[in-house]
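Trainee: How does the following fold in three dimensions:
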Amino acid sequence: MNIMGSFAATLSVIILSGFVNLSAANKDTCDLYAAVGESLTLPFVYNGLTNSHVLRWTHNSTIIFYREKGIMSFGKTKDITATGSLLLKDLQFSSAGNYQADVLNPNGAPARNWTGRLCIMDKVSKPHLTYVCDSKSGAVILNCNVAKPQGLVFSWTLDEKILTSETRQTLSISLAQLKGERFTCSVANKVSTEKSDIVRPSCKSPPPPTVLCFTPKTVVAALAGAAGLILLLLVIIIVLCCLRRRNKTQMRRGDKGELMMLSVQKREPDSNSPEYETMHQAEESPAPSPEPSPKACYESVSQPEGQTQNRLPQPSTAAEGQQPSPVPKPRMKTLQTANV
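Mentor: Numbers count the residues shown, from 1 in each chain. The predicted structure is shown next:
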């Protein structure tokens with residue numbers, strides 16, 4: 001009867017463990033992490049464990065330890081602690097997987113069980129911190145170099161103060177803010193953490209900023225455009241000045257002509273004024289002839305009367321030598337009438 005009971009209890013444990021292993025296999029996350037080559041004690045504790053209990057450990061549904069009534073069927077005694085924990089040594093990637101512990105009472109009833117998924121990972125290597133002084137961007141770029149950076153967590157310290165906001169593999173610091181600080185970087189995974197040596201970047205001061213933060217090509221183009229605009233403005237100003245001087249010259253010539261016309265008009269009195277008529281009458285009237293000499297009187301008396309009447313009056317020498325002044329046409333008629 002005892003044999004049949006033990007067999008039934010063992011069969012029930014195996015079936016139960018099969019369901020547990022199936023549910024554990026469907027899990028994507030790991031319950032435990034360990035590095036290659038390390039040792040690990042699986043966290044199972046049963047304080048009331050005795051030799052009368054049945055203790056069984058499986059790895060991926062394969063029995064790796066079995067003890068019943070103090071008799072070892074699988075495994076070694078030194079691999080089990082007093083509370084039933086399993087000690088794993090020199091872990092390899094093949095050690096990863098699902099682990100399960102089952103404890104049965106002497107009567108075959110389940111007393112306790114535990115399951116967990118173990119993941120094995122490589123330890124991270126020590127990172128090597130380097131930096132580059134980028135004068136173009138005005139910053140120093142620090143790089144935390146490490147083999148196989150995939151899946152690693154990066155962290156940075158500035159003068160032993162953790163920069164909580166920086167979790168990338170590179171770090172950029174402005175050269176203007178750089179004052180001889182000490183930097184370190186750390187890399188970590190689920191099983192290990194490594195820290196780099198201290199680095200103190202030494203970069204030259206950033207060059208003076210370009211005009212209005214523009215590139216040199218932009219500044220040169222802007223200066224060339226400004227020079228061209230200034231030259232164009234000078235040409236326009238010179239042309240306007242020349243036109244203005246020309247207009248002034250023409251205005252001066254016009255003013256001089258008007259002044260000359262005014263002076264001529266002032267010199268020539270009004271032809272209709274009485275003074276003008278009196279002056280011209282005086283000019284047009286024949287100059288008084290000189291007193292006749294006795295000889296002339298004798299000749300005039302001795303000449304026949306007929307000859308005297310037939311001779312036309314001769315204009316005087318003074319009247320012939322005098323230049324006639326410009327006289328309006330109506331006055332010429334009067335002058336002709338007076339001469340006749």
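Trainee: Please enumerate the helices of the protein.
Mentor: Along the chain, counting by DSSP state H, helices occupy 2-25, 216-267, 274-284, 294-302, 305-310, 317-321, 329-339.
Trainee: which residues of the protein score low on pLDDT?
Mentor: 1-28, 205-215, 259, 262-340 (pLDDT under 70).
Trainee: Could you identify the longest strand within it?
Mentor: strand 110-121 (DSSP state E).
Trainee: what comes up buried for it?
Mentor: 111-121 (16 or more other Cβ atoms under 10 Å). C-beta here means a position set from N, CA and C on the backbone, and glycine is covered the same way.
Trainee: strand partners of that strand, parallel vs antiparallel please.
Mentor: strand 32-35 (parallel), strand 97-104 (antiparallel) (DSSP bridges).
Trainee: so which of those strands gets nearest F65?
Mentor: Proximity to F65 (Cβ to Cβ) singles out strand 97-104 among the strands paired with strand 110-121, at 8.7 Å.
Trainee: and the nearest residue to C30 once chain neighbours are set aside, what is it in contact with?
Mentor: Take C30 and drop its neighbours on the chain: the residue closest to it by Cβ to Cβ, 6 or more residues apart in numbering is C119, 3.6 Å away. By Cβ atoms under 8 Å, 6 or more residues apart in numbering, C119 lies in contact with 30, 32-34, 96, 190.
Trainee: ok, of the residues you listed, which come out buried?
Mentor: 32-34, 96.
Trainee: Return the most buried member of the strands paired with strand 110-121.
Mentor: Stretch with highest mean neighbour count among these: strand 97-104 (a mean of 22; mean count of other Cβ atoms under 10 Å).
Trainee: Restricting to C-alpha, output it in PDB.
Mentor: Only the C-alpha atoms of strand 97-104 are listed here, as PDB (Å, rounded to 0.1, in the frame of the first residue of the first chain):
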ATOM      1  CA  GLY A  97      15.600  27.900 -18.200                       C
ATOM      2  CA  ASN A  98      12.800  27.000 -15.900                       C
ATOM      3  CA  TYR A  99      13.500  25.500 -12.500                       C
ATOM      4  CA  GLN A 100      10.900  23.900 -10.200                       C
ATOM      5  CA  ALA A 101      11.100  22.600  -6.600                       C
ATOM      6  CA  ASP A 102       8.400  20.200  -5.100                       C
ATOM      7  CA  VAL A 103       8.200  19.000  -1.500                       C
ATOM      8  CA  LEU A 104       5.800  16.100  -0.500                       C
END
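Trainee: Put together a markdown table for the strands paired with strand 110-121, with distance to Y131 on each row.
Mentor: Formatted as a markdown table, these follow (distance: least, Cβ to Cβ, whole Å):
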| stretch | distance to Y131 |
| --- | --- |
| strand 32-35 | 30 |
| strand 97-104 | 43 |
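Trainee: right, so of these, which gets closest to T218?
Mentor: strand 32-35 (54.9 Å).
Trainee: hmm, who's touching the closest one?
Mentor: Applying Cβ under 8 Å, 6+ apart, the set of residues contacting strand 32-35 is 40, 42-43, 88, 91, 95, 116-123, 190-192.
Trainee: For C144, list each beta-bridge partner.
Mentor: L129.
Trainee: who touches it in this structure?
Mentor: Applying Cβ under 8 Å, 6+ apart, the residues near C144 are 127-129, 154, 156, 169-171, 185, 187, 196.
Trainee: Quick check: ChimeraX command selecting the buried ones in these.
Mentor: Selection of buried members from the contacts of C144 for ChimeraX, criterion 16+ other Cβ under 10 Å:
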select :127,129,154,156,171,185,187,196
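Trainee: coming back round to it: dump the longest strand of the chain to CSV, restricted to CA.
Mentor: C-alpha atoms of strand 110-121 as CSV (Å, rounded to 0.1, in the frame of the first residue of the first chain):
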residue,chain,number,x,y,z
PRO,A,110,2.1,18.2,-1.7
ALA,A,111,3.7,20.3,1.0
ARG,A,112,5.2,23.2,-1.0
ASN,A,113,6.5,24.0,-4.5
TRP,A,114,8.4,26.8,-6.3
THR,A,115,9.1,27.8,-9.9
GLY,A,116,11.3,30.4,-11.5
ARG,A,117,12.9,31.3,-14.8
LEU,A,118,16.6,31.8,-14.9
CYS,A,119,18.4,33.9,-17.6
ILE,A,120,22.2,33.8,-18.1
MET,A,121,24.1,36.8,-19.4
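Trainee: my guess is L42 contacts T81, does it?
Mentor: No. The pair L42 / T81 is not scored as a contact, 9.6 Å apart, by Cβ atoms under 8 Å.
Trainee: Of those two, give the one with the bigger neighbour count.
Mentor: Between L42 and T81, L42 has the larger neighbour count (other Cβ atoms under 10 Å), namely 19 against 14.
Trainee: what sits against that one?
Mentor: Per Cβ under 8 Å, 6+ apart, neighbours of L42: 32, 85-88, 99, 101, 114, 116, 118.
Trainee: redo that, cut-off 10 Å
Mentor: Neighbouring residues of L42 by Cβ atoms under 10 Å, 6 or more residues apart in numbering: 31-32, 57, 81, 84-88, 99-101, 114, 116, 118.
Trainee: Could you identify the most distant pair in the residues you listed?
Mentor: D31 and T81 (18.7 Å).
Trainee: Including distance to R67, could the contacts of C144 go into TSV?
Mentor: TSV is the format used below for the contacts of C144 (distance: Cβ to Cβ, whole Å):
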residue	distance to R67
P127	46
H128	50
L129	52
F154	46
W156	51
Q169	50
T170	55
L171	55
C185	49
V187	42
S196	48
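Trainee: Great, nothing more from me.
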